[in-house]
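Enquirer: no sequence for this one, just the structure:
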């Protein structure tokens, strides 16, 4: 009885959470409209543009941090007080960087999520995706079956090896995964049922935060799943010039 009364006054928690996230999902869908007709090279350029936009947002603070590190390195050990003062300034600037990144990542989240979704769609629908070959494309092609290079072109396959088995990409993010991605990026817990695509959800906040260039760690329950998921989901990131590795 009390639970029903409480729900009547404050509403259903899950429904309220989804209502809060829905505007972002709507903006993702709007951003998708500008991506569908782009070439694969232009799609990659969009992620480069986002990285640059994020970098510029905190460039001033990062430059100051570099200068302070250089000053601290030049000081002798006998000047510990001065070193400590410099590192206190660095710590304060790092907090500003984190706040700035939180702000700009929230701004670019719809377009970043739309980029991941469009990349997944192309892998699923088109099979081999043709792009101008980059150095990373050539490195991947030299050791894995994911990419082949012919002249100045690279072709990304829709099937590749993950944890010793061939996988064929056939997934595109649904709204439930977009909702989960927003929740995870905002530091919340997203509970999902079996079959709702938990592994795919992670690609959204991982990609978004990786654009900041500060590294992203994904923790899973055992070494096998860590390796499998890195090799299974990794091409979505690698296609956009991000690198992936696994700590066993």
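Expert: Okay, I see it. Just so it is clear, the model here is predicted, and its values are computed rather than measured.
Enquirer: From now on I want contacts and neighbour counts done on CA atoms only, so please keep to that.
Expert: Noted.
Enquirer: Do a quick rundown of the helices in this protein.
Expert: Remark: helices assigned in the chain by DSSP state H are 2-10, 13-32, 40-57, 59-74, 80-126, 135-143, 175-185, 198-210, 223-238.
Enquirer: per-residue confidence for the residue nearest to the spatial centre of the chain?
Expert: The residue lying closest to the centre of the chain (Cα atoms, centre = their mean) is residue 207, at 1.1 Å. Predicted confidence (pLDDT) for residue 207: 98.
Enquirer: doesn't residue 114 make contact with it?
Expert: No: Residue 207 lies out of contact with residue 114 (Cα atoms under 8 Å); the separation is 10.9 Å.
Enquirer: Tell me where the protein is predicted with low confidence.
Expert: 1-12, 126-127 (pLDDT under 70).
Enquirer: re the thing from before, got a list of what the residue nearest to the centre of the chain touches?
Expert: The contact partners of residue 207, taken as Cα atoms under 8 Å, 6 or more residues apart in numbering, are 112, 113, 116, 237.
Enquirer: Out of the residues you listed, which is nearest to residue 133?
Expert: Nearest to residue 133 among these: residue 237, at 15.7 Å, using Cα to Cα.
Enquirer: excluding its backbone neighbours, what's nearest that closest one?
Expert: Spatial nearest neighbour of residue 237, excluding adjacent residues (Cα to Cα, 6 or more residues apart in numbering): residue 207 at 6.4 Å.
Enquirer: that older thread, include distance to residue 176 and neighbour count when you put the contacts of residue 207 into a markdown table, please.
Expert: Output for the contacts of residue 207, formatted as a markdown table (distance: Cα to Cα, whole Å; neighbours: other Cα atoms under 10 Å):
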| residue | distance to residue 176 | neighbour count |
| --- | --- | --- |
| 112 | 17 | 26 |
| 113 | 13 | 27 |
| 116 | 15 | 24 |
| 237 | 21 | 21 |
